[in-house]
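Asker: My questions are about this predicted structure, shown below with the sequence.
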Amino acid sequence: MSSDATTAVPTVTVTDVPGPLGQEPAAHGLGTSLPQAESRAKTEGTFPYASDLWAEGLLWAAILRSPHPHARIVSVDTSAAVAMPGVRAVVTAADVPGAATYGRRVADRPVFASDLVRHHGEALAAVAADHPDTARLAAAAIAVEYEVLEPVTDPEKAFAAEPLHPDGNLIRHIPLRFGDPEAAGEVVVEGLYRIGRQDPAPIGAEAGLAVPRPDGGVELYTASTDPHTDRDLAAACFGLTPDQVKLVVTGVPGATGDREDPGFQIPLGLLALRTGCPVKLTATREESFLGHAHRHPTLLRYRHHADAEGRLVKVEAQILLDGGAYADSSSESLAAAVAFACGPYVVPHAFVEGWAVRTNNPPSGHVRGEGAMQVCAAYEAQMDKLAAKLGVDPAELRMRNVMATGDILPTGQTVTCPAPVAELLSAVRDFPLPPLPKDTPEGEWLLPGGPEGAGEPGAVRRGVGYALGMVHMLGAEGTDEVSTATVRVVDGTATVICSAVDTGSGFSTLARQIVQETLGIDEVHVAPVDTDQPPAGPAAHGRHTWVSGGAVERAAKMVRTQLLQPLAHKFGMSTELLQITDGKITSYDGVLSTTVTEALDGKELWATAQCRPHPTEPLDDAGQGDAFVGLAFCAIRAVVDVDVELGAVRVVEMAVAQDVGRILNPAQLATRIEAGVTQGVGAALTENLRTARGLVRHPDFTGYALPTSLDAPDIRIVKLVEERDVVAPFGAKAASAVPVVTSPAAVAAAVRAATGRPVNRLPIRPQAAVAAPQG
């Protein structure tokens, strides 16, 4: 996929959507398109990110990384680096005063490699100097003697290979058993699928500032998405107590996964503690690619059984996740992959084997839609195979099998949340198709490959494909999901204090809307996030909308009671009989009417509250258990043009219908869906961090092709189903992950339809998009 003509402007269109989406927004409150408070500063380039920070006496850091994916470290000589003018400190594994390993889920990753290097780019040492160039030169001057070892890069070979880690090569195995293993269908299709290594590729690379404190502690300024966990990990490695380390969250320059890996933060803090000076680290793009986690490359084998009418009887699958050198979130990703291996379909019998293994490939971890995206591409390819074998329309075959509320997942969990999958599929199926190229003036027709491409109009074929996807919301398998928030009102202005990090999801705006609606106060601010505030947990799986938003709502309602109680007492009525609308307080009978400002009368009000959803449980030895708090669903119809001689693909249109629960901010919701679809198109066509024997090839935006605005298709949001989840605050669902999960499968299905090729690998390579031979 390459850039198309500059005259083509991708559009996002909203049609047939209930509620306020696309309507003129009201002044404030839920359901309105309140803009982000920092929108102007970000647009003008004045919004401060970690890379913009500065402190008196600042030193600069650089990290030495391994050029090998697997090697034994014979010796490390830092003398040349230490002797360089301007170098203030060099730290290695021997200089880590506390825990030598860390990990957000499993503490299996060393701060600095000491005995073995397990992946290309692993950190070995860090340098602090008075100039960034000096720091880089000093890092390069550290002499490391390696005994290069044979890397294990094929996850299938990891089972029999020598252990790469003291914990072994197997991170987790989940066998799922559901139904009768002897069940069989009249029609059987099989497939082998491979999903590549998508990178989060944040436009703003990792950066941070560490400032030592007089009490022997340190303050870290980074764009962390899970500040309290990162603070605790850093403190353990520093040999300090958590209260001696403060993490201040700076502006987050994009996050579709975990940001600011502790592998960046911990060396920074060690250098600040060693030198007694502020130390700053700004990663290069290459360091960013080498240092953070990526989406799990996955190998999937499937066998689907169906009856003569196309109704699913049994699904058998084997799923192998390449976790890279360390465990990170592989266990959670595998659980999602196994649980959703059959998709949003009713399957009476399912037998799935899932494994996550260590290799010498780059580490894998949390990326939006992890686990669910990989299996969606595979099970939807299987549905297309079934439709072709039965001679049934692909959309119709899916409609015969869709899940609904009350159905049972292969994990044995009953779907209690709204699951309007049939309604979503109907919406995209019935939406008018875009005009064919023959109906478009030739001057406006965009060929696959762009206006300067070598393609011929006669070689272009159009394809239409469908996909249904699902994701879980919040943490899973017994994760204690809790968040705390405080709402304070002083002089008619409200402040929200909550350590939920806004990664671009719009939580800060949502918090303002909640308080505006609950208290009728226009001026609402959200305090900057740091670890002096109570924990709110990680920014993932839509949890801040649910858990942190719920905590803000509860705190705001407690303040509302404090505000209304004196009035209710004065007029001899319950606070439930009073309402706040547009900054005015009125009673049900009209006797009382005053403004919020008058009722406040200079008082200071505040309340703190928590939100904790109902508990979940781990999957058992048969892959059974109520592992998820809630689910969200999406249907996408992709339309593509394929040059079947060159294998070039242009995504013409993506029609999206999504289960959103409730629309809280129409503009932000549309933006989240658009971004998710575009990220999914990248996974389908261009994004793959390639490796050769464990070495990352071209770790930059020249070798790693992100879709640009010119690559983005027209995105038509044809339906947003507002069926509220009764157990969720506001009834809203996660919005951005499920289109990421669904869109790659939809694009692959459309290419399949255009070319007749099986398309069993993502991203789709040009040779896979060349038309199948006839006859």
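Answerer: Now that the structure is in, tell me what you want to look at.

Asker: For the stretch 401-550 of the chain, just list every one of the helices.
Answerer: In the stretch 401-550 of the chain, the helices defined using DSSP state H, counting those that start in this stretch lie at 421-430, 507-519, 543, 549-571.

Asker: and for the shortest one, what are the contacting residues?
Answerer: Applying Cβ atoms under 8 Å, 6 or more residues apart in numbering, the set of residues contacting helix 543 from outside is 473, 474, 475, 481, 483, 537. In short, each C-beta sits where N, CA and C put it, glycine included.

Asker: again, only using 7 Å
Answerer: For helix 543, contacts defined as Cβ atoms under 7 Å, 6 or more residues apart in numbering pick out 474, 475, 481, 537.

Asker: isn't the first one right up against residue 540?
Answerer: Going back to what we said before, that points to residue 474. No. Residue 474 is beyond contact range of residue 540, at 8.6 Å (criterion: Cβ atoms under 7 Å).

Asker: Of the two, give the one with the bigger neighbour count.
Answerer: The neighbour comparison of residue 474 against residue 540 (other Cβ atoms under 10 Å) goes to residue 540, with 25 against 22.

Asker: and that one, how far is that from residue 228?
Answerer: 14 Å (Cβ to Cβ, to the nearest Å).

Asker: go on, residue 198?
Answerer: Between residue 198 and residue 228 the computed distance is 28 Å (Cβ to Cβ).

Asker: Looking at these two, which is more packed in?
Answerer: Neighbour totals were compared for residue 198 and residue 228, and residue 198 leads with 32 against 19 (other Cβ under 10 Å).

Asker: Do you know the pLDDT at the more buried one?
Answerer: For residue 198, the pLDDT comes out at 94.

Asker: can you confirm it is in a helix?
Answerer: No. Using DSSP: H, G, I helix; E, B strand; the rest coil, the assignment for residue 198 is coil, not a helix.

Asker: you'd agree it is up against residue 367?
Answerer: Yes. Using Cβ under 7 Å, residue 198 makes contact with residue 367 at a distance of 6.4 Å.

Asker: Now do the shared contacts for the two.
Answerer: Joint contacts of residue 198 and residue 367 (Cβ under 7 Å, 6+ apart) are 294, 295.

Asker: Name the residues of stretch 586-602 that are buried.
Answerer: 587, 592, 596, 599, 600 (16 or more other Cβ atoms under 10 Å).

Asker: In JSON lines, list the residues you listed along with secondary structure and distance to residue 737.
Answerer: Below are these laid out as JSON lines (DSSP: H, G, I helix; E, B strand; the rest coil; distance: Cβ to Cβ, whole Å):
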{"residue": "587", "secondary structure": "strand", "distance to residue 737": "44"}
{"residue": "592", "secondary structure": "coil", "distance to residue 737": "45"}
{"residue": "596", "secondary structure": "helix", "distance to residue 737": "37"}
{"residue": "599", "secondary structure": "helix", "distance to residue 737": "41"}
{"residue": "600", "secondary structure": "helix", "distance to residue 737": "40"}
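
Asker: Any stretches of the stretch 251-400 of the chain with poor pLDDT?
Answerer: Applying pLDDT under 70 to the stretch 251-400 of the chain picks out residues 257-260.

Asker: residue boundaries of the strands in it?
Answerer: Along the stretch 251-400 of the chain, the segments classed as strands by DSSP state E, counting those that start in this stretch run 279-282, 298-306, 312-322, 349-357.

Asker: Which among those is found nearest to residue 697?
Answerer: Residue 697 lies closest, by Cβ to Cβ, to one member of those: strand 312-322, at 16.2 Å.

Asker: Can you list the strands that the closest one pairs with?
Answerer: strand 298-306 (antiparallel), strand 349-357 (parallel) (DSSP bridges).

Asker: Centre of the chain to it, how far?
Answerer: 23 Å (Cα atoms, centre = their mean, to the nearest Å).

Asker: In that strand, which residues are buried?
Answerer: Residues of strand 312-322 classed as buried: 312, 313, 314, 315, 316, 317, 318, 319, 320, 321, 322 (neighbour count, 16+ other Cβ under 10 Å).

Asker: Kindly report the same for stretch 541-551.
Answerer: 541, 542, 543, 544, 545, 546, 547, 548, 549, 550, 551.

Asker: Report pLDDT for the nearest residue to the second one once chain neighbours are set aside.
Answerer: Among residues not flanking residue 542 along the chain, residue 734 sits closest, at 2.5 Å (Cβ to Cβ, 6 or more residues apart in numbering). Per-residue confidence for residue 734 comes out at a pLDDT of 84.

Asker: Residue 734: how many residues sit nearby?
Answerer: When neighbours are defined as other Cβ under 10 Å, residue 734 has 27 of them.
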